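Peer 1: This is the structure alone, sequence omitted:
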């Protein structure tokens, strides 16, 4: 049946807000994603404006400093440069504040604010010469990418991910109580192994982060495979019922990304907890004399403002590698252990089922059909999943 344009009835608007709140903006048709785009983009435009103003303040100030004075700039120059950097790093605050304000305003007010901010951003290149500041071409590219991201719902997904991270923080104690003791026993031998300290001490900070990045990419790939398998099972269950979901590729990608993001948020929080735990544990248990015996030379200290901390660089590197490994192990455990799956993956799958129910009603209204009766949201049987102890 051909799809029709939806009138902005209260129920349709409620379903659109619900789908966006569930991190599923791509379920909406293109016209719905274009509707109110300028108002939704106003907070992001405020963030861009803050960044551009900070860049201009910094660049214009440094442009007046002679090259021979850059090595030892004056206090006034440092102050103005610091003001520019401070303005730049405040862009998340201005973004968030305007988002909160516009949430209580009408869409008309949002459109007016968005139009004013758009015009202001376009005026930024005339505040400085192109060779000293931001050019008009750069601004147009930034605005094009911004509106494209808003159209594809990147802001909606990020907002949902932020709220989800806050919810996961409330359950952090449960996660730590279930996972950390097992990881402690599994990684304790590695932490007190002289070989890993010797290997890590020979690595630069950049190569250490590269190792963490490789483990992170592998973890994302594993989380994506887990999510695709589980979502496919849920969709097969729904297709077997009356009125199948008939998901489009974009909708499947959106749902999979939502599930993967939940796993990434969980493992990131876990990795941070493991990192902090082992740093504190290492400060208490590994003395500089012991670290020197393991490494073969006195451990390097941290630089800059972190130099005052009683933490050595090899300790930080070892903890980074172990925390990345523990996060990767956690993702594997979610896919293979039924207890971990029920505790950490099922809540994400419940959100998928809730999103599919809202999507069914929305697509029925969009196609001019009678909305289906609410479907059951019971979890599919997990007997098809391999069980066993957590991978350690």
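Peer 2: Thanks, I have the structure now. As the structure is a prediction and not an experimental result, all values here were calculated from the model.
Peer 1: burial of residue 348, as a residue count?
Peer 2: 22 (other C-beta atoms under 10 Å). (Each C-beta comes from the backbone N, C-alpha and C, glycine too.)
Peer 1: Go ahead and list the helix or strand containing it.
Peer 2: helix 346-366 (DSSP states H and E).
Peer 1: and that helix, which residues are buried?
Peer 2: Using 16 or more other C-beta atoms under 10 Å as the test for burial, helix 346-366 gives 348-349, 351-353, 355-363, 365-366.
Peer 1: cool, and stretch 28-35?
Peer 2: For stretch 28-35, by 16+ other C-beta under 10 Å, it's 28, 32-33.
Peer 1: likewise stretch 206-224?
Peer 2: By neighbour count on 16+ other C-beta under 10 Å, the buried set for stretch 206-224 is 208, 211-212, 215-216, 219-220, 222-224.
Peer 1: about what we covered before: and the helix holding residue 348, what does it pack onto?
Peer 2: If you count contacts as 3 or more C-beta pairs under 8 Å, 6 or more residues apart in numbering; DSSP states H and E, helix 346-366 packs onto helix 10-21, helix 205-239, helix 249-285.
Peer 1: Could you tell me the angle between it and helix 249-285?
Peer 2: Taking axes from the mean of the first three to the mean of the last three C-alpha atoms, to 10 degrees, one finds that helix 346-366 is oriented at 160 degrees with respect to helix 249-285.
Peer 1: what mean pLDDT does helix 346-366 have?
Peer 2: Taken as a whole, helix 346-366 has a mean pLDDT of 80.
Peer 1: Stretch 92-100 too?
Peer 2: If you average the pLDDT over stretch 92-100, you get 87.
Peer 1: neighbouring contacts of that stretch?
Peer 2: Contact with stretch 92-100 is made by 42-44, 46-47, 49-50, 113, as judged by C-beta atoms under 8 Å, 6 or more residues apart in numbering.
Peer 1: What distance do you get for the residue lying closest to residue 234 once chain neighbours are set aside to residue 283?
Peer 2: Closest residue to residue 234 apart from its sequence neighbours, by C-beta to C-beta, 6 or more residues apart in numbering: residue 352 at 5.9 Å. Taking C-beta to C-beta, to the nearest Å as the measure, residue 352 and residue 283 are separated by 42 Å.
Peer 1: which stretches of the stretch 1-150 of the chain form helices?
Peer 2: Under the criterion DSSP state H, counting those that start in this stretch, the stretch 1-150 of the chain contains helices at 10-21, 30-34, 37-63, 75-89, 91-103, 107-123, 136-151.
Peer 1: Out of those helices, flag the one nearest residue 266.
Peer 2: Comparing the helices of the stretch 1-150 of the chain by their distance to residue 266 (C-beta to C-beta), the top pick is helix 10-21, with 19.7 Å.
Peer 1: Who are the packing partners of the closest one?
Peer 2: Counting contacts by 3+ C-beta pairs under 8 Å, 6+ apart, helix 10-21 is packed against helix 154-170, helix 346-366.
Peer 1: can you tell me which of the buried residues of stretch 206-224 lies nearest to residue 82?
Peer 2: Nearest member of the buried residues of stretch 206-224 to residue 82, counting by C-beta to C-beta, is residue 208, at 29.7 Å.
Peer 1: pretty sure that closest one contacts residue 322?
Peer 2: No. Judged on C-beta atoms under 8 Å, residue 208 makes no contact with residue 322 at a distance of 11.5 Å.
Peer 1: check contacts around the residue nearest to residue 234.
Peer 2: If a contact means C-beta under 8 Å, 6+ apart, then residue 352 has 231, 234, 255, 258-259 as its contacts.
Peer 1: for the stretch 101-250 of the chain, which spans come out with low pLDDT?
Peer 2: Along the stretch 101-250 of the chain, the model assigns pLDDT under 70 to residues 127-133, 171-172, 174-175, 238-245.
Peer 1: let's go with 50 and repeat that
Peer 2: Along the stretch 101-250 of the chain, no part satisfies pLDDT under 50.
Peer 1: Check the gap between residue 33 and residue 236 for me.
Peer 2: The value you get for residue 33 to residue 236, if C-beta to C-beta is used, is 28 Å.
Peer 1: again but with residue 81, I slipped
Peer 2: Distance from residue 81 to residue 236, by C-beta to C-beta: 59 Å.
Peer 1: repeat for residue 149
Peer 2: Look at residue 149 and residue 236: by C-beta to C-beta, they are 32 Å apart.
Peer 1: ok, now which ones touch the closest residue to residue 118 other than its chain neighbours?
Peer 2: Once flanking residues are discounted, residue 118 sits nearest to residue 45: 5.9 Å by C-beta to C-beta, 6+ apart. Contacts for residue 45 (C-beta under 8 Å, 6+ apart) come out as 114, 117-118, 121, 146.
Peer 1: With respect to residue 180, which of those is nearest?
Peer 2: Distances from residue 180 to the contacts of residue 45, taken by C-beta to C-beta, are shortest for residue 146, at 40.1 Å.
Peer 1: Near the closest residue to the closest one other than its chain neighbours, how many other residues are there?
Peer 2: Spatially, and ignoring its direct neighbours in sequence, residue 146 is nearest to residue 44 (5.6 Å; C-beta to C-beta, 6+ apart). Burial measure for residue 44: 22 neighbouring residues, criterion other C-beta under 10 Å.
Peer 1: again with the one 10 residues further on
Peer 2: Residues lying near residue 54 (other C-beta under 10 Å) number 19.
Peer 1: Show me this protein divided up by domain.
Peer 2: Per automatic domain parsing, the domain ranges recorded for the chain read 36-157, 171-366.
Peer 1: Of these, which is nearest residue 18?
Peer 2: It's domain 171-366; of those, that one is closest to residue 18 (C-beta to C-beta) at 5.1 Å.
Peer 1: gap between the closest one and the chain center?
Peer 2: Relative to its chain's centre, domain 171-366 lies at 13 Å (C-alpha atoms, centre = their mean, to the nearest Å).
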